[in-house]
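K.L.:
give me a model of this one.
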Amino acid sequence: FRIQAFRYREIGYKRMMERYGLKINEEYIATVGTKIETAYEEMKKYLQQVKELPTAFFADNDTIAIGAMRAIKEQGYDIPGDISIIGFDNISYGAISEPPLTTINVHKHEMGEMAVRELVRVAEGGSRIKMKIQVCTDFVERDSVKELSPSSMRGREELR
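P.N.:
Okay, the predicted model is just below:
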């Protein structure tokens, strides 16, 4: 089950990879469920089939990332030593997961306020023209991402 927001996140991911000249290796794309349990189970299956892991996974949301982290750790991999994980949404459990999850913070409260203001405006006779409002996000760095020095990145044509 994929929600529209996941599609936009995928587009943003691909855009940034392209901007920085990084190749996307299709072998490293793991399609898993959207619940902790299904992400965990399907990541276990992925790990049993894949020959080599990428250096990092970027998950559609924190729930998926947390389930995947559990499977990765059970297979004996170190996060972030062997593989980095980044989620999206900044759910509270991510801050206390092991390791604490690096994530993208979405300003959901502010988005809700904007949606209510727009709804009230339309209800009071305002324009019924549909609008799309985008709200910026923030990067929340925690311990699930390996620190890379600029010198370690020189000469790398692609990241696995």
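K.L.:
give me the three-state assignment for Phe67.
P.N.:
Quick fix: residue 67 is Gly, not Phe. Secondary structure, DSSP: H, G, I helix; E, B strand; the rest coil: Gly67 is helix.
K.L.:
so the residue lying farthest from the centre of the chain, which state does it fall into?
P.N.:
Relative to the centre of the chain, the most outlying C-alpha is that of Gly125, 38.9 Å out, by Cα atoms, centre = their mean. The three-state label for Gly125, taken from three-state DSSP, comes out as coil.
K.L.:
for it, give its distance to Glu26.
P.N.:
51 Å (Cβ to Cβ, to the nearest Å). Placement of C-beta: from N, CA and C, glycine included.
K.L.:
from Ala71, how far out is the residue farthest from the centre of the chain?
P.N.:
In terms of Cβ to Cβ, Gly125 sits 53 Å off from Ala71.
K.L.:
tell me where the protein has strands.
P.N.:
56-58, 84-86, 103-106, 137-140 (DSSP state E).
K.L.:
out of these, which gets nearest to Tyr93?
P.N.:
Among the strands of the chain, strand 103-106 comes nearest to Tyr93, with 10.6 Å by Cβ to Cβ.
K.L.:
now the closest one: average pLDDT?
P.N.:
Mean pLDDT, strand 103-106: 95.
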